[in-house]
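Enquirer: Have a look at this prediction, sequence included:
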Amino acid sequence: MPGSDLYYDPYDVTIDVDPYPTYKRLRDESPLYYNERYGFWGLSRFADVETALRDVKRLSSAKGDILEVVKADPVMPPGVFINEDPPLHTVHRALVSRAFTPKKIKALEEKVRAFCAACLDPLLGSSRFDFVLDLGAEMPMRVIGMLVGIPDADQPSVRAHAQRNLRNKPGEPLPVKKDRYFDGNLFAEYVQWREKNPSDDLVTELLNVEFEDVSGTIRRLTKDEVLIFLAVIAGAGVETTGRLFGWMGKVLAEYPDQRREIAKERSLVSNAIEELLRYEPPGPHVARFAVESVRYHGQMIPAGSALLLMLASANRDERRFDDPDRYDLHRDIGQHLTFGYGAHYCLGAALARLEACIALEEVLNRFPEWEIDLENARRAPTSTVRGWDSMPAIIG
């Protein structure tokens, strides 16, 4: 069998340091891969991953979108819209998307920039700056708080909860609670208070909106549904966006000529972030559950199987991108798969882009030159989100 010595699993810390050579071998030698140890299938080519993301009929999200969750098949409370299939997903997504309209995201721009400045200004004159600890660890949660109305005092506990849910021991799968996978009680007191003190925030809107559910009934959301929605929104982008900041520091230190070009010409910022998302996606893969048998590359993935869709591999597929292992801020990227594709395309994609673009602009305004102290950088212990807990830069 071709590639008989080829091995990949998302928990192998040695592979995870630099998974791209392994991804290339998977794409070339075993585009449909089966891992016997953990019992999952994997797709690594761009065209295959894109097709699988669109296939909501045969490849379900209802058992989770993380491999360990799909394998554990926990009790999933209603309202975890990222883990639902159409038509239920369509109904719930439409309600939650009220938080992510272009108008609402645009209205956040000045607040996000002000928060960035508040993080970075005290560091002027320093010799060091940490892309994660000084910015990435705080900013995504603050921005979600601005969008949803989460009080500042509650944000550290929400961030800690999001991190706990996605962290595993190195080399081991994520532990999954089968009885209660998603806890919606984080915001119970706040929602109760908002019921009596309505405002113009998302919580008030969700408590009062009337909609047609899948049974055709016109109704309002239950309080439990509102709580689950908020927990999903608050947790979904915190870890991934925070990790993107670490990659920003590392990659642009490795390509200093391109960083200097961005510093001189700020119209390049948007494409620089888009290329960063392609080049080092913080969420390297998502999982699906095969509700029907599905064929790829002449092999049948049996119904009941877990399937890993390797987004990070797809983003480096030579069949789609020229010289994909090079960061190129002038690349005509077209479509990458970092935010998914189709029905489950990331609702917060525009928000993540806004945060990253503003962060890069504000860092360059103050620290146009930096080198990374990689010896003291710290990797994040998680297989579901790939990145760093600390990315220190020398700026003096």
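Expert: Structure's in. What do you need? Predicted model only: the values in this text are computed from it and were never measured.

Enquirer: and Ala117, how many neighbours?
Expert: By other C-beta atoms under 10 Å, 14 other residues sit near Ala117. Glycine gets a C-beta too; all of them are placed from N, C-alpha and C.

Enquirer: One more: the one 3 residues further on?
Expert: Summarising burial for Leu120: neighbours were counted as other C-beta under 10 Å, giving 18.

Enquirer: show me what contacts Pro284?
Expert: Applying C-beta atoms under 8 Å, 6 or more residues apart in numbering to Pro284 gives the contacts 10, 19, 310-312, 386.

Enquirer: how about 7 Å then?
Expert: Contact analysis of Pro284 by C-beta atoms under 7 Å, 6 or more residues apart in numbering lists 310-312, 386.

Enquirer: Now tabulate those in JSON lines and tack on pLDDT and neighbour count.
Expert: Listed next are the contacts of Pro284 as JSON lines, based on pLDDT from 0 to 100; neighbours: other C-beta atoms under 10 Å:
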{"residue": "Met310", "pLDDT": "98", "neighbour count": "28"}
{"residue": "Leu311", "pLDDT": "98", "neighbour count": "24"}
{"residue": "Ala312", "pLDDT": "98", "neighbour count": "23"}
{"residue": "Arg386", "pLDDT": "93", "neighbour count": "22"}
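
Enquirer: what's the closest of these to Leu252?
Expert: Using C-beta to C-beta, Arg386 is the member of these that lies nearest Leu252, at 17.6 Å.

Enquirer: now the helices for the stretch 201-350 of the chain?
Expert: Assigned by DSSP state H, counting those that start in this stretch, the stretch 201-350 of the chain shows helices spanning 202-208, 223-236, 238-254, 256-264, 269-279, 311-314, 349-366.

Enquirer: I'd like the contacts of Pro284 as CSV, with distance to Arg326 appended.
Expert: Below are those laid out as CSV (distance: C-beta to C-beta, whole Å):
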residue, distance to Arg326
Met310, 20
Leu311, 19
Ala312, 15
Arg386, 19
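
Enquirer: Which single one of the residues you listed is nearest to Met300?
Expert: For those, the nearest to Met300 is Met310 (19.5 Å; C-beta to C-beta).

Enquirer: before we move on, back to that, hey, which of the helices of the stretch 201-350 of the chain is tucked in deepest?
Expert: With neighbours taken as mean count of other C-beta atoms under 10 Å, the helices of the stretch 201-350 of the chain reach their highest mean count in helix 311-314, at a mean of 27.

Enquirer: list the helices and strands that helix packs on?
Expert: helix 20-29, helix 46-54 (3 or more C-beta pairs under 7 Å, 6 or more residues apart in numbering; DSSP states H and E).

Enquirer: ok, and which of those has the densest surroundings?
Expert: helix 46-54 (a mean of 20).

Enquirer: which residues touch the helix or strand following that helix?
Expert: Using DSSP states H and E, the helix or strand that follows helix 46-54 towards the C-terminus is strand 59-60. With C-beta under 7 Å, 6+ apart as the test, strand 59-60 has contacts from 52, 85, 288-291, 294, 307.

Enquirer: Where does pLDDT dip in the stretch 101-250 of the chain?
Expert: Applying pLDDT under 70 to the stretch 101-250 of the chain flags residues 151, 153-184.

Enquirer: check contacts around the residue nearest to Tyr296 when sequence neighbours are not counted.
Expert: The spatial neighbour of Tyr296 that comes closest, neighbours along the chain excluded (C-beta to C-beta, 6 or more residues apart in numbering), is Leu32 at 4.5 Å. By C-beta under 7 Å, 6+ apart, Leu32 lies in contact with 41, 43, 296-297, 299.

Enquirer: let's see 8 Å
Expert: Counting by C-beta under 8 Å, 6+ apart, Leu32 has contacts 41-43, 48, 296-297, 299, 301.

Enquirer: same question, Val148
Expert: Per C-beta under 8 Å, 6+ apart, neighbours of Val148: 99, 201-203, 230, 233-234.

Enquirer: tell me which of those residues is nearest to Asp28?
Expert: Checking these one by one against Asp28 (C-beta to C-beta), the nearest turns out to be Ile233, at 39.0 Å.

Enquirer: For the closest residue to the closest one other than its chain neighbours, what are phi and psi?
Expert: Of all residues not flanking Ile233 in the chain, Val148 sits nearest, at 6.0 Å (C-beta to C-beta, 6+ apart). According to degrees, to the nearest 10, the main-chain angles of Val148 amount to phi -90, psi -30.
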